[in-house]
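# no FASTA, just this:
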């Protein structure tokens with residue numbers, strides 16, 4: 001019987017793209033089937049950086065060029081940026097499983113589900129990219145999301161507030177506009193993928209809300225006050241002004257939190 005934290009660490013550390021995808025799918029299946037144990041798995045956490053292929057080349061977020069989706073290359077570049085986000089999300093989910101080994105079993109089932117859905121999203125976007133004559137790694141990308149993960153690696157409550165509820169929740173706000181842009185050029189394949197991602201990302205952010213509230217209750221924090229305190233430090237300057245209220249409510253945000261975000 002495999003150890004869940006060993007499986008998660010394997011998925012996190014694997015750098016070969018094909019192997020990483022296969023490991024992620026198989027690990028999630030074993031966890032879902034209950035063919036695992038939850039014994040503590042000791043490894044040097046600080047050296048557990050995520051594995052990734054040699055490409056894409058990583059550049060500063062400010063150096064990522066703007067994309068014109070009216071051209072095939074520009075459309076492919078934007079789809080590539082979506083795929084890169086999903087690739088990072090696979091690592092983030094497995095890191096969350098592996099790094100914090102003293103949570104309820106339900107926590108690990110939730111985030112392994114997230115990992116396999118992020119893997120599915122990546123595969124769909126990559127296939128879409130290949131259909132346009134490109135592949136993952138053909139464009140530069142930035143590593144901003146993993147930088148945030150490193151800043152929150154010491155504190156699970158901070159990680160749950162910042163990664164799913166601040167960074168990933170931005171996707172709930174911006175994706176409807178992206179869907180509209182791809183629909184305007186009649187790219188139905190990308191529209192369908194983005195619609196599925198939006199639907200499932202609501203569930204992922206909701207897991208973040210669920211376990212953020214769990215940790216707040218465990219530490220006797222007011223969750224709204226704690227979230228706003230953390231958001232004051234980590235909320236991106238370039239955040240969207242068009243908050244997707246419906247999606248964020250479904251993802252576990254309160255009216256008070258949304259009023260705060262709208263006013264910030």
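Okay, I see it. Remember, predicted model here, so these are calculated numbers, not experimental data.

# buried residues in stretch 232-249?
The neighbour-count check on stretch 232-249 (16 or more other Cβ atoms under 10 Å) flags 234-235, 243-244, 247-248 as buried. Yep, even glycine has a C-beta here, placed from its N, CA and C like the rest.

# any buried residues in stretch 154-168, and which?
Buried residues in stretch 154-168 (16+ other Cβ under 10 Å): 156-168.

# ok, back up a step: out of the buried residues of stretch 232-249, which are inside strands?
Under the assignment DSSP state E, these contribute nothing to strands.

# including pLDDT and distance to residue 221, could those go into JSON lines?
Formatted as JSON lines, these follow (pLDDT from 0 to 100; distance: Cβ to Cβ, whole Å):
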{"residue": "234", "pLDDT": "87", "distance to residue 221": "16"}
{"residue": "235", "pLDDT": "83", "distance to residue 221": "18"}
{"residue": "243", "pLDDT": "93", "distance to residue 221": "24"}
{"residue": "244", "pLDDT": "96", "distance to residue 221": "26"}
{"residue": "247", "pLDDT": "98", "distance to residue 221": "25"}
{"residue": "248", "pLDDT": "98", "distance to residue 221": "20"}
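
# the helix or strand of the chain with the lowest mean pLDDT: what's the following helix or strand?
The helix or strand of the chain with the poorest confidence is helix 144-151; it has a mean of 80 (mean pLDDT, DSSP states H and E). Downstream of helix 144-151, the next assigned helix or strand under DSSP states H and E is helix 156-162.

# list the helices and strands that next one packs on?
In terms of contacts (3 or more Cβ pairs under 8 Å, 6 or more residues apart in numbering; DSSP states H and E), helix 156-162 is packed against helix 144-151, helix 188-218, helix 223-234.

# how about the ones you listed in CSV, adding distance to residue 45?
Output for those, formatted as CSV (distance: least, Cβ to Cβ, whole Å):
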stretch, distance to residue 45
helix 144-151, 12
helix 188-218, 19
helix 223-234, 21
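
# out of the ones you listed, flag the one nearest residue 254.
helix 223-234 (5.8 Å; Cβ to Cβ).

# the residue most central in space within the chain: which element?
Nearest to the mean C-alpha position of the chain, by Cα atoms, centre = their mean, lies residue 89 at 3.2 Å. Per DSSP H and E: residue 89 is located in helix 72-99.

# can you name every helix or strand that the helix or strand that that helix is followed by contacts?
Going down the chain from helix 72-99, the next helix or strand is helix 105-131, by DSSP H and E. Helix 105-131 sits against helix 4-13, helix 17-33, helix 72-99, helix 188-218, with contacts defined as 3+ Cβ pairs under 8 Å, 6+ apart.
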